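> sequence? don't have it. structure:
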Ligand code: ATP
């Protein structure tokens, strides 16, 4: 994998490895719209990170700045220790976008060979087809490829310069389940060899299954950043459910960490940041039985952290 040696303004070689991506205090506005509203993001080499967020959260705007397609109004963007445009011109960064760029009358192999001819030091055609999991369809016309196969072809083309950073903006939008699974299997297998991957997605399960780290955006800001488990826990903790006839709502609401108490007949549903304390109280101080602790799934965390009622 190619990674340029980085020199400072005086020509001294850098002694530390630069971050794959380093955003500091980044803002980007479009008229009155604050598409990116103060983002700090540091991505280490080798990380697989998902930018997750609802429509209009600022994912594409962030990715465009990392790819040098637009500039921040405020703040700095560095990719592998240099300006995005410099990293891209050295072949250190490649992108897989949602659509465009393929000639339908060429075969998969012809497309790859043609694109390889543009690069001074491209990886061998067979190697990138193999890595993208499409070596067996090398002779198929692009027009005959499914949406998922065309995306894997775009991935193969992006692999040609052997980039240190691969950026993917909603790469599986519109694909069926099998196509998405095959696509991510190829990405994951390749990333296991040390490539840094940053992808934007709407699909929670995709972020959960394929990213080591999830960066959750809302209205141009990062509202959560961590592993899928950490993001889940960040939202609203866990729910404790129990059967408790005549439950005392005020007493339950006063327990530490409790956010809400719902009573439905004999069942109580308690949202709490400290589910152990609630369960302990129920079992030791009340006649509650059938006590269950339910861990929120990522979708609930996503809604809690990005919904209208979530904290700013
Ligand atoms: P989606 O998931 O829908 O693609 P996103 O998270 O990628 O959304 P962005 O495309 O980054 O979000 O958009 C963030 C905000 O900035 C939105 O309100 C969008 O309408 C606005 N925006 C983005 N690009 C432009 C532009 N060129 N001109 C005006 N507004 C823009």
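Right, received. Where do you want to start? Keep in mind the model is a prediction, meaning the values are calculated, not measured.
> What parts of this structure come near the ligand?
Applying CB under 6 Å from any ligand atom, we find that the chain lies next to the ligand at 30, 33, 35, 53, 55-61, 202. To be clear about C-beta, it is placed using only N, CA and C from the backbone, and glycine gets the same treatment.
> For PyMOL, write the select line for the buried members of those residues.
Listed next is the PyMOL selection for buried residues among those, using 16 or more other CB atoms under 10 Å:
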select buried, resi 35+53+57+58+59+60+61+202
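> Turn the residues of the chain next to the ligand into TSV, including secondary structure, distance to residue 158 and pLDDT.
Converted to TSV, these look like this (DSSP: H, G, I helix; E, B strand; the rest coil; distance: CB to CB, whole Å; pLDDT from 0 to 100):
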residue	secondary structure	distance to residue 158	pLDDT
30	strand	27	95
33	strand	30	94
35	strand	25	96
53	coil	23	87
55	coil	25	86
56	coil	26	89
57	coil	24	91
58	coil	23	94
59	helix	18	93
60	helix	17	92
61	helix	21	95
202	coil	21	80
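> of all the residues of the chain next to the ligand, which two lie farthest apart?
The span of the residues of the chain next to the ligand, defined through CB to CB, is set by 30 and 202 at 20.6 Å.
> Which stretches in the stretch 51-200 of the chain count as helices?
All helices of the stretch 51-200 of the chain, identified by DSSP state H, counting those that start in this stretch, fall at 59-66, 84-89, 108-116, 125-131, 147-159, 177-191.
> could you dump those helices to TSV with distance to residue 254?
Converted to TSV, these look like this (distance: least, CB to CB, whole Å):
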stretch	distance to residue 254
helix 59-66	40
helix 84-89	52
helix 108-116	64
helix 125-131	57
helix 147-159	53
helix 177-191	46
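> For residue 17, find the nearest of those.
Minimum separation from residue 17 across those (CB to CB) falls at helix 84-89, 13.9 Å.
> helices or strands next to the closest one in the packing?
When contacts are defined as 3 or more CB pairs under 8 Å, 6 or more residues apart in numbering; DSSP states H and E, helix 84-89 packs onto strand 74-79.
> Please point out which parts of the strand it packs on sit buried.
Buried residues in strand 74-79, counted by 16+ other CB under 10 Å: 75, 77-79.
> Pull the contacting residues for the residue in the stretch 151-300 of the chain that the ligand sits nearest to.
At 5.8 Å from the ligand, residue 202 is the closest residue in the stretch 151-300 of the chain, using CB to the nearest ligand atom. Neighbouring residues of residue 202 by CB atoms under 8 Å, 6 or more residues apart in numbering: 52, 54-55, 170, 173.
> now swap in residue 171 and tell me
96-98, 151, 154-155, 183, 199, 201.
> 10 Å instead?
Residue 171 makes contact with 95-98, 148, 151-152, 154-155, 158, 180, 183-184, 187, 199-201, 206, according to CB atoms under 10 Å, 6 or more residues apart in numbering.
> How about residue 145?
102, 104, 107-108, 111, 134, 137, 151-153.
> where does it land on pLDDT?
Looking at residue 145, its pLDDT stands at 93.
> Now it: phi and psi?
Per-residue torsions, residue 145: phi -80, psi 150 (degrees, to the nearest 10).
> sorry, back to before: could I get the contacts of residue 202 as TSV with distance to residue 290?
What follows is the contacts of residue 202, written out as TSV (distance: CB to CB, whole Å):
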residue	distance to residue 290
52	35
54	36
55	40
170	43
173	42
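> Can I have the buried ones of those as a ChimeraX selection?
Filtering the contacts of residue 202 down to the buried ones (16+ other CB under 10 Å) takes a single ChimeraX command:
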select :52,170
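> nearest to residue 45, of the residues of the chain next to the ligand?
The nearest one, if we look at the residues of the chain next to the ligand relative to residue 45 and count by CB to CB, is residue 59, at 21.7 Å.
> so that closest one sits right up against residue 207, yeah?
No - the pair residue 59 / residue 207 is not scored as a contact, 11.3 Å apart, by CB atoms under 10 Å.
> intersection of neighbour lists for the two?
Jointly contacting residue 59 and residue 207 under the rule CB under 10 Å, 6+ apart are 50-53, 199-201, 215.
> which stretches of the stretch 1-150 of the chain have low pLDDT?
Counting by pLDDT under 70, the stretch 1-150 of the chain contains low-confidence ranges at 1-16, 98-100.
> Check the chain and tell me which residue is nearest its centre.
Geometric centre of the chain, nearest residue: residue 50, 0.8 Å, by CA atoms, centre = their mean.
> Shouldn't it be within a helix?
No - secondary structure of residue 50 (DSSP: H, G, I helix; E, B strand; the rest coil): strand, not part of a helix.
> Need phi/psi at residue 209.
Dihedral angles (degrees, to the nearest 10) for residue 209: phi -80, psi -30.
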